[in-house]
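Q: mind folding the following:
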Amino acid sequence: MDAALSRRRTAIGAASLIVGPALMSVGDLFHPAETWDAAAQVAILAESASRWYTAHLLLFAGMLLFAPGILALSEVAASRKPAAGYAARVLLIAAVGGLSAVFVFEMLLGRFISDGADQAAAVALVETFQSAAIFGALAPGLLAFFVGTALAVVSLASTADPFRWPALTLALGAVLILGEIILAEVLLSQIGNILILIAGIHFAWLLLQGRERARG
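A: So this is what the prediction gives:
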């Protein structure tokens, strides 16, 4: 029974490592241009509100479906470096909440504008979200994704390990997504999510091959 349960957990984790990033990759490919300027962003959304909503719906669904993969990956990381792997698990699960909150707000914004909201009201909504009271509260959750990813990567890539190359690919994808958040350049996160998908496929293959037990 334990062996059957372990196989099911591995299969679910492997599927999550592919399906979650795949949905996020597709969502980001739908994503319209982005800017930190609230008025300019609302003007962009006025032309593509439904596309904006769809992009963030896929990003939200993908993030939720990525959770079992995060657990599977952080379990492998903890088997290499227990403290770093455990910290990575805690931070990455916390990040699911923070990133999901951002995606849900973006979905709300898309629907708000597509339903005919006044542009001045939409600008005020975006500016409120960008304020220290709201975005500042979400920032630790967003930062948790990048710190947690870094800890997982260090755990998996610091030795000759079959997970080394997908971990480094994951790291590059996360760096590009961080660049997109800072620079509001959607192309960076589009490439970053595709790299995370590539890493997820490789991670999934290794898990299904039982390579999580490999060492050295």
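Q: contacts, neighbours, all on C-alpha from now
A: OK.
Q: which residue lies closest in space to residue 201, excluding its sequence neighbours?
A: residue 18 (5.5 Å; CA to CA, 6 or more residues apart in numbering).
Q: just residue 143 next, same as before
A: Excluding its sequence neighbours, the residue lying closest to residue 143 (CA to CA, 6+ apart) is residue 95, at 7.6 Å.
Q: contacts only, for the one you found.
A: 141-145 (CA atoms under 8 Å, 6 or more residues apart in numbering).
Q: one more time with 10 Å
A: 63, 89, 101, 138-148 (CA atoms under 10 Å, 6 or more residues apart in numbering).
Q: what's the helix or strand for it?
A: Applying DSSP states H and E as the criterion places residue 95 in helix 82-114.
Q: ok, the residue nearest to residue 143 to residue 208 distance?
A: Distance of residue 95 to residue 208, computed by CA to CA, to the nearest Å: 26 Å.
Q: spatially central residue in this protein, please.
A: Centroid-nearest residue in the chain: residue 63, 5.7 Å away (criterion: CA atoms, centre = their mean).
Q: per-residue confidence at residue 7?
A: pLDDT, residue 7: 88.
Q: that one: how many residues sit nearby?
A: 15 (other CA atoms under 10 Å).
Q: ditto for residue 209
A: For residue 209, using other CA under 10 Å, the count is 11.
Q: now swap in residue 202 and tell me
A: 20.
Q: I figured it hits residue 73, correct?
A: No: with contact defined as CA atoms under 10 Å, residue 202 does not reach residue 73; the gap is 11.5 Å.
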